[in-house]
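J.: Fold the following for me, if possible:
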Amino acid sequence: MNVRQNRVKPTEKQIKAINGVLTGKKPTQAMTEAGYSPKTASHARQNFFQSRGVAKYLAEMDKKSRELFKMNLGDKLVEVYLKGLEASKLHGRNAVEHPDYLTQLAYADKISELVGWTKEEKTQIFNNQYNFFSFPQEERGGFNKAFDRFMRNYYKT
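T.: Numbering: from 1, shown residues only. Predicted structure coming up:
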C-alpha cells in the first residue's frame, strides 16, 4: 500500500450511504438520503462503488468484521440475513416465543432481491400540473360551468 492510498478517507456522504446500503436500503435510496443528487445516485455502480473512499471504508469494515466475528463482512451479512429467515418474537404474559412471519418475509424479500430472483418494481408517477389562470377567460368559464354541473349532479339528494 503506498503513502497516497493511506491518506484516502471516505467522506461523510460516503459513510452515510454505505451504512444505508448495509442496513438494507437500495443504493440509489441510500445515496439520495446521504445527500447525493438523484443523477449521481442513479449511477451508483459507476459513481459510488468504484470510488477509493468507499473502497477504503468497506476495507475498514471488513477488517473490523474479521476481528469481531472471525469472518469477512460479506459472510457476516449473509449470516445475518439467513438468521432473519428464522426471526421470532415473544408473545403474551408468559413471553412465549412464536415465529415473526412479517420479519421473516422482509428478510426473504430482501434476499430474493439481492440474489436477483425478484426485481424492484419501477413505478412512474406523472405529476402534470396546469396553471388554471394561464388559459383564456372563455375556456376557464366553460370549465367552471361544466364543473358546476358535475358537482350539482354528483351531490343531488
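
J.: residue ranges for the strands of the protein, please.
T.: Per DSSP state E, the chain has strands spanning 88-91, 96-99. These are given in chain order.

J.: tell me the most buried of those?
T.: Comparing the strands of the chain on average neighbours per residue, with mean count of other Cβ atoms under 10 Å, the densest one is strand 88-91 at a mean of 12. From N, CA and C alone the C-beta is placed, and that goes for glycine too.

J.: Determine how far that strand lies from the middle of the whole chain.
T.: Its chain's C-alpha centre and that of strand 88-91 lie 27 Å apart, by Cα atoms, centre = their mean, to the nearest Å.

J.: Relative to that strand, what are the paired strands and their orientations?
T.: Taking DSSP bridges as the criterion, strand 88-91 pairs within the sheet with strand 96-99 (antiparallel).

J.: sorry, back to before: switch the strands of the chain over to TSV; also include distance to residue 154.
T.: Converted to TSV, these look like this (distance: least, Cβ to Cβ, whole Å):
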stretch	distance to residue 154
strand 88-91	48
strand 96-99	49
